[in-house]
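K.L.:
Everything below, folded, please.
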Amino acid sequence: MATWDLNRFVKTLAYFGTIPIVSSIDWLQHLLGSRPDPTVHFNFTNMTVILLIGANSSIGQQVMLLLQQAGYAVRTSSSGDAETIDSDVSAIVCCTDADHDQPSIDTAQVRTSQRLFDFRQPSTEIGEVWGALDDVVMGGVSQSSLTFASASALFSGVVSIDNSGGFASVRTRNFEPAIDLSDFTGIELRVKGDGARYKFMLRSETRWDGIAYCASFDTIANEWTTITIPFTDLIPVFRAKTVREAGAIDASQVRSMQLMLSKFEYDGALNPHFTPGFFQLQVESIAAYCFKTPLILVSSTGIVLPDSSPGAIALRLKEVIKEIPAYRLSANQPFYDQ
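P.N.:
Sure thing, here's the model as predicted:
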């Protein structure tokens, strides 16, 4: 039987604030290797990049000029027909006139993302908010760490099944205040793994040992992969057992994040891509992503509904137009930005 490390156990509990007396004494926190109450500032700034659909039309060329004169960066797409456009934009402008086919504005989608942790250029505060949380808390001997090098974070270590252990992880301290991700669809990870299956977790409560919302993801050895995890796919778990009655995660109150390599999946099932020993997972970024549909419609001839699926399309446009007007642009009428 491997020797359990009491000192590392105490340091882990102190780091995550589970020992109130220790957590309240600054010098003792420094002695244990951490800064008291670190915070990470998430700057959800309004981006100034506009996606212009229908830029080749005469009306699109006018709008392009006006946007550029107003100081916006503009990305263009000739059509939004039934496609998903990957872009970090703050607004979408769809232009149409009598000389060009109208883009299918009902089906065009733009995927946007907001980086929460950009490990390509990690700040000091990022390093202080992430810490190892291994099976030492239950008598195990696995060890891991999160280090920064080569424009990424490296989650690595040795996972052992000795002493009935079998997991290694890194977790953030609780965010204060909580992060509001309710306007987003899910989480996006940019990772390069070793072929193992890992877990990503979110928590919407402050309790140390509460319910986590979890998703497993596979990696390809030595290849960068973008992992997308919709909030709707997250499974509520407590100590690797599903808690279906917990309901969906409250994305407006995200308190912490966690990356894990575990011997187990859920409810006693084994991880099919787990091997004890050394592991490593490079992480370039953790972001929140969402899909946006065109919100600003600009026309010189009026908006005409497409012929396909008229009932559903008319309803969708009607719902959008309730909040976002369709603006008409002429030589004597200014462009309205909303």
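
K.L.:
going forward, measure contacts and count neighbours with C-alpha atoms only.
P.N.:
Noted.

K.L.:
any idea how the chain splits into domains?
P.N.:
Per automatic domain parsing, the structural domains of the chain span 49-108+293-328, 116-289.

K.L.:
wait, which of the ones you listed is closest to Val10?
P.N.:
domain 116-289 (8.8 Å; C-alpha to C-alpha).

K.L.:
Straight-line length of the closest one, end to end?
P.N.:
In domain 116-289, first residue to last residue: 10 Å (C-alpha to C-alpha, to the nearest Å).

K.L.:
and of the domains of the chain, who's closest to Ala14?
P.N.:
Closest to Ala14 of the domains of the chain is domain 116-289 (C-alpha to C-alpha; 11.0 Å).

K.L.:
thinking in terms of the whole chain, how far from its middle is the closest one?
P.N.:
12 Å (C-alpha atoms, centre = their mean, to the nearest Å).

K.L.:
Where does pLDDT dip in this protein?
P.N.:
1, 19-41, 43-48, 78-90, 96-110, 293-295, 299-338 (pLDDT under 70).

K.L.:
let's go with 50 and repeat that
P.N.:
21-22, 24-25, 27-28, 45-47, 81-83, 305-338 (pLDDT under 50).

K.L.:
just so I have it, where are all the helices in it?
P.N.:
Secondary structure of the chain (DSSP state H): helices at 6-15, 20-23, 26-31, 58-69, 124-129, 310-323.

K.L.:
Of all the domains of the chain, which one is nearest Gly17?
P.N.:
From the domains of the chain, taking C-alpha to C-alpha, the stretch that ends up closest is domain 116-289, at 8.1 Å.

K.L.:
neighbours around Trp224, how many?
P.N.:
For Trp224, the neighbour count with other C-alpha atoms under 10 Å is 15.

K.L.:
Can you spell out which residues form a bridge with the residue nearest to it when sequence neighbours are not counted?
P.N.:
Setting aside the residues directly before and after it, Trp224 is nearest to Lys192 in space (C-alpha to C-alpha, 6 or more residues apart in numbering), at 4.3 Å. Beta bridges link Lys192 to Trp224, Gln282, judged by DSSP bridges.

K.L.:
you'd agree Gly186 is up against Ala288?
P.N.:
Yes: in this structure Gly186 lies within contact range of Ala288 using C-alpha atoms under 8 Å: 5.7 Å.
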